[in-house]
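**Q** Compute the structure for the input listed below.
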Amino acid sequence: MAISRYPEGDGALAAHRRSRVALLQVDAGLRAAVPERERPLAERAVLVPCHEFGPGPWRMESLRRDGDAVAALIVRGLATREITIAGRRSAELLGPGDMFHPWSSSDPVVPTTSRFASGSGAVIALLDGRFVAAARRWPQLYAVIHNRLAEQLERAALRAAIMALPRVEQRILGMFWQLAERWGTVRSDGVVIELAITHELIGQLIGAQRPTVSLALQELGSERLLQRTSHNVWTLRHDSALALPDVRPIGTIHTATLGDERDRDEPDGSLTIAAGG
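**A** Model prediction:
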């Protein structure tokens, strides 16, 4: 995927500072992956490049200088990754523990651009050669990374399903429940999410236009299913998930087959599965 440069007039680039960070001191999940008696050594060994971005769009070229890094890991803050295709924008929110790969230089079949920005700043650690060497000694470090990537894929699959819901009100509720799972606080009056988010960004997250999102939020608020209780605080009513469609399976699961796999099937295209015994 191509990483675009920011055109003039798109806002000032975020302030940027590069340093190094003891990764295991700032990431509790990775720290717990190392046996306790070896943690002091691991904390000294896993000293990786660190980039601190202020509010605003990021200049991704600054991350590309660390060419041996296998991934970028968000240590602190929230970031928006915006993807534009055919004049339409989609977005995803990345938070602490999430990873991305900003070094891809391959040209996509469908022309797209990808941009990153943060509303309040973010700290990014790069998993470089030192991390790879440490993971050889403490393989559970890789297990943590793989588990997080699997969780990100699962969230992405769920968001795709949410975007397929027929009504925008349903998509908004589904998205906010997904956000609540990560950053929500359960209280007596509902699940509270402290999040500064615009109607425009909500629309990019669920595949809807901003005016439609604004109308849907008014409807949800009037029904007290989702309310903006203060400037940056959203409250989901405990039973608001009941407004989402039934989750029972619908019909059969449709499948696809690659050409070389189809050639190995039966002549009529059916696949014979032998019963065990």
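**Q** Now do the contacts for the most centrally placed residue in the chain.
**A** Here the mean C-alpha position of the chain is nearest to the C-alpha of L94 (CA atoms, centre = their mean), at a distance of 4.3 Å. Residues counted as contacts of L94 (CB atoms under 8 Å, 6 or more residues apart in numbering) are 74, 78-81, 100. Backbone N, C-alpha and C define where each C-beta goes, glycine included.
**Q** what about the strands in the stretch 51-200 of the chain?
**A** Secondary structure of the stretch 51-200 of the chain by DSSP state E, counting those that start in this stretch: the strands cover 56-57, 71-76, 79-85, 88-94, 99-100, 112-118, 122-127, 184-187, 190-194.
**Q** okay, these, which one's buried deepest?
**A** Mean neighbour count (mean count of other CB atoms under 10 Å) peaks for strand 122-127 among these, with a mean of 25.
**Q** chain center to that one, what's the gap?
**A** 15 Å (CA atoms, centre = their mean, to the nearest Å).
**Q** Please name every helix or strand in contact with that strand.
**A** If you count contacts as 3 or more CB pairs under 8 Å, 6 or more residues apart in numbering; DSSP states H and E, strand 122-127 packs onto helix 23-26, strand 47-53, strand 71-76.
**Q** Of all these, which one is nearest E219?
**A** Comparing these by their distance to E219 (CB to CB), the top pick is strand 71-76, with 33.3 Å.
**Q** Would you work out how far apart the start and end of stretch 228-242 are?
**A** This stretch, stretch 228-242, spans 19 Å end to end (CA to CA, to the nearest Å).
**Q** I'd like the average pLDDT over that stretch.
**A** Across stretch 228-242, the average pLDDT comes to 91.
**Q** what sits up against that stretch?
**A** With contact meaning CB under 8 Å, 6+ apart, stretch 228-242 is reached by 173, 176-177, 180, 184, 187, 189-196, 217, 220-221, 224-227.
**Q** What segments of this protein are helices?
**A** Here the chain has its helices, by DSSP state H, at 23-26, 28-32, 39-45, 61-64, 129-137, 140-163, 168-183, 199-206, 210-222, 259-262.
**Q** got any ranges where the stretch 101-250 of the chain has weak pLDDT?
**A** 104-107 (pLDDT under 70).
**Q** change it to 90
**A** Scanning the stretch 101-250 of the chain for pLDDT under 90 picks out the ranges 101-114, 189, 229-232, 241-250.
**Q** which of the contacts of L94 lies closest to V123?
**A** Closest approach to V123 among the contacts of L94 (CB to CB): I74, at 7.4 Å.
**Q** which one is the closest one nearest to, not counting chain neighbours?
**A** D98 (5.1 Å; CB to CB, 6 or more residues apart in numbering).
**Q** and if you look at D128?
**A** Closest residue in space to D128, ignoring its immediate chain neighbours: A69 at 4.4 Å, by CB to CB, 6+ apart.
**Q** and L47, how far is that from D128?
**A** Per CB to CB, to the nearest Å, L47 is found 10 Å from D128.
**Q** Need the residues touching each of the two.
**A** Here L47 and D128 have no joint contacts, going by CB under 8 Å, 6+ apart.
**Q** out of those two, which sits in the more crowded spot?
**A** The neighbour comparison of L47 against D128 (other CB atoms under 10 Å) goes to D128, with 20 against 17.
**Q** I figured that one was touching R65, is that so?
**A** No. Between D128 and R65 there is no contact under CB atoms under 8 Å: 11.0 Å.
**Q** one step back: same list, the helices and strands packed on strand 122-127, but as JSON lines with distance to T257 and mean pLDDT please.
**A** Putting the helices and strands packed on strand 122-127 into JSON lines (distance: least, CB to CB, whole Å; pLDDT from 0 to 100) gives the following:
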{"stretch": "helix 23-26", "distance to T257": "43", "mean pLDDT": "96"}
{"stretch": "strand 47-53", "distance to T257": "43", "mean pLDDT": "94"}
{"stretch": "strand 71-76", "distance to T257": "32", "mean pLDDT": "95"}
